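Novice: Give me coordinates for this.
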Amino acid sequence: QLQLVESGGGLMQPGGSLRLSCAASGFTFSDYAMSWYRQAPGKERELVAGISSSSSNPRYADSVKGRCSISRDNAKNTLYLQMNSLKPEDTAVYYCAKGTTYYFNYAMDYWGKGTLVTVSS
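Specialist: Presented below is the predicted three-dimensional model:
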């Protein structure tokens, strides 16, 4: 059974950092692109970052570019998101998503349940 389980969310301070993890199981993790999306209250879900199966050509939303890094450990079947200089507008539920092929093409076919990140003083 395919599973994506996010962790690492919580209450964060403005200007602080976070590291989210997504543990994948039930499929060959190293064969697929992966991504992080987020959904803020009252807003549509948006892409944060995406990465290919081989970790090449990561993509980032303009809103996080320069303070965000997506990475993966195919040996551990785990996807990561490091975000620095957190802002209140980063408050959202963050979702891990599985791509449909090895390269990142914005097409996702499975989503985790999400982890809530709240940035507030």
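
Novice: Let me know the helix or strand that the spatially most central residue of the chain is in.
Specialist: Against the mean C-alpha coordinate of the chain, by Cα atoms, centre = their mean, the closest residue is Trp36 at 2.4 Å. Assessed by DSSP states H and E, Trp36 sits inside strand 34-39.

Novice: Now that strand: buried residues?
Specialist: Neighbour-count burial for strand 34-39 flags Met34, Ser35, Trp36, Tyr37, Arg38 (criterion: 16 or more other Cβ atoms under 10 Å). The way it works is simple: take the backbone N, C-alpha and C, and place the C-beta from them, glycine included.

Novice: ditto for stretch 37-50
Specialist: Tyr37, Arg38, Leu47, Val48, Ala49, Gly50.

Novice: Next up, the contacts around the last one.
Specialist: Neighbouring residues of Gly50 by Cβ atoms under 8 Å, 6 or more residues apart in numbering: Ala33, Met34, Ser35, Trp36, Pro58, Arg59, Ile70, Gly99, Phe104, Tyr106.

Novice: ok, now how distant is it from Ala40?
Specialist: 19 Å (Cβ to Cβ, to the nearest Å).

Novice: same deal with Leu81?
Specialist: Here Leu81 is placed at a distance of 16 Å from Ala40 (Cβ to Cβ).

Novice: same deal with Gly114?
Specialist: 12 Å.

Novice: Same question for Ala23.
Specialist: In this view, Ala23 and Ala40 are 24 Å apart by Cβ to Cβ.

Novice: Can you report how many residues neighbour the closest residue in space to Ser54 that isn't next to it in sequence?
Specialist: Nearest non-adjacent residue to Ser54, counting by Cβ to Cβ, 6 or more residues apart in numbering: Tyr102, 7.4 Å away. Per other Cβ atoms under 10 Å, the neighbour tally for Tyr102 reads 14.

Novice: Now for Tyr102: which residues touch it?
Specialist: Neighbour list for Tyr102: Asp31, Tyr32, Ala33, Ser52, Ser53, Ser54 [criterion: Cβ under 8 Å, 6+ apart].
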